[in-house]
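A.B. asks: using only what follows, build the 3D model:
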Amino acid sequence: MTHYFICKPGQPPIAWFPPDPAQTIDANCAYFGKVFEVMEQHLSIQGLTVYFTWDVNALPSYGANVVAVIQGDEWCRMPQYAHRVRAVFKCYGTRPILGCDPLRHPSYLNILTALQFFRILLIRIPGVLHYWWHSLKRNSLKQVSPKQFSSTSLSAIYDIPLGYYNQIDLPIQPIAHRPDDVFFAGSVIQGDYPLWSLKRYMGTPKNLSRQQMLEQLQESAILHPDWKLKLRLTTDFNASRDSDQSSYSERMMNSKICLVPRGTSFETFRFFEALRYGCIVVTEALPDRWFYTDSPAIQINNWNELETILSNLLNHPDRLQSLHQASLNWWKDYCSETAVGQYMAQCLNQTIEVKSTQSRSNPEYLRSSP
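C.D. replies: Modelled structure (predicted):
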């Protein structure tokens, strides 16, 4: 039997019995509760302890039976305890992306995006050095004393999707029957920053990107008064998170196209929520992770392209239908609770062989898609 615990910052671990969503603790537990239920059904290992955590620095305990599932870390940091647990599954991954070319396409937004990228690289340095140190230590010990190698090995770190957050189960509406053409719900301008914060005066990539998206959407509404656009603007993520689940979900299900601008990170819950409902996703740059690569999402380089993209979609019902079905299929095959649960079980089951052969070989850790 596997034991699950939710580790919230500043709180003792809370015992969890998936698929109980534990939504009073965090809304994302609804998704991962079902993921863990599927994982449990396909596990060949007994006696694991799984920590569902937001902390990349420490866990309540360590050992070959411990698995960390890191839900939130937009800085893409390396977990400090990777050498002390069996495996780590991480949302947002450990490899940040620049997501633009500020040299070939200079703009204020791209400059801010580059500055944020380099800031993330600086924040990651301690964790990366820590990881490299234990990697070198592992290789040295392997050469000197193979019997000690397994006790100092580094765990594989696997990328996993964020899943959905503030969303309910609804029957899928056919794309042709959806009354609204384009949908966005969320914040555009983040809440006030302190007077001493540079973000208050310079802005952030999230704010600038979403402002540009909104401006282009407003211009599109003037050019195409027949388009049915649904917008719900909030003050920040917390306000979006606390908004009515039913209203948010029903509006998205009633929409053909969902706009998915970046947040602090290029990765957002909205991407997966839109796929789950079969919406056509229009988004920005996406990291090179197995659940993004070749997805049916339309990636936009500049929000100035929005009107053209929307016209090409809304004027071609056959393409809308094709992308609608592709979105549903992608969710089912790569991002759903079943797909991710089976993937995690597969990764953990293969650590049995890895752990048993580490004293004789140096296997490449698994990072492939399911």
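A.B. asks: so the residue most central in space within the chain versus Gly263, what's the distance?
C.D. replies: Geometric centre of the chain, nearest residue: Leu162, 3.5 Å, by C-alpha atoms, centre = their mean. As judged by C-beta to C-beta, to the nearest Å, Leu162 and Gly263 stand 11 Å apart. In this view, the C-beta of every residue, glycine as well, is placed from N, C-alpha and C.
A.B. asks: show the average pLDDT along the helix ranked longest in the chain.
C.D. replies: When the chain is parsed with DSSP state H, its longest helix is helix 108-144. Average pLDDT, helix 108-144: 88.
A.B. asks: show me the strands in the chain, by range?
C.D. replies: Taking DSSP state E as the criterion, the chain carries its strands at 3-7, 14-16, 49-53, 63-70, 85-90, 156-159, 180-187, 229-234, 255-260, 280-283, 298-299.
A.B. asks: most packed of those strands?
C.D. replies: Highest mean neighbour count among these (mean count of other C-beta atoms under 10 Å): strand 255-260, with a mean of 27.
A.B. asks: so what does it touch, helix or strand wise?
C.D. replies: On a contact count with 3 or more C-beta pairs under 8 Å, 6 or more residues apart in numbering; DSSP states H and E, strand 255-260 meets strand 180-187, helix 269-276, strand 280-283, helix 306-314.
A.B. asks: got the contact list for it?
C.D. replies: The contact list for strand 255-260 (C-beta atoms under 8 Å, 6 or more residues apart in numbering) reads 175, 178, 180-184, 213, 217, 230, 252, 268, 270-271, 273-274, 277, 279-284, 297, 310, 313-314, 320, 324.
A.B. asks: before we move on, what about stretch 98-106?
C.D. replies: With C-beta under 8 Å, 6+ apart as the contact definition, stretch 98-106 has outside contacts at 109-111, 113-114, 117, 262, 266, 284-285, 301-302.
A.B. asks: was I right about the residue nearest to the centre of the chain contacting Leu275?
C.D. replies: No: assessed by C-beta atoms under 8 Å, Leu162 is found out of contact with Leu275, at 11.4 Å.
A.B. asks: where in the protein is pLDDT low?
C.D. replies: 23-24, 140-153, 190-191, 236-243, 353-370 (pLDDT under 70).
A.B. asks: what's the domain layout of it?
C.D. replies: The chain breaks down by automatic domain parsing into domains covering 3-163+337-357, 175-335.
A.B. asks: so for Asp169, which of those domains sits nearest?
C.D. replies: domain 175-335 (8.5 Å; C-beta to C-beta).
A.B. asks: quick one: terminal-to-terminal distance for the closest one?
C.D. replies: End-to-end distance for domain 175-335: 20 Å, by C-alpha to C-alpha, to the nearest Å.
A.B. asks: over to stretch 298-305?
C.D. replies: Distance across stretch 298-305, first residue to last, is 11 Å (C-alpha to C-alpha).
A.B. asks: can you list contacts of it?
C.D. replies: With C-beta under 8 Å, 6+ apart, stretch 298-305 has contacts from 105, 209, 212-213, 215-216, 261, 280-286, 306, 309, 313, 323.
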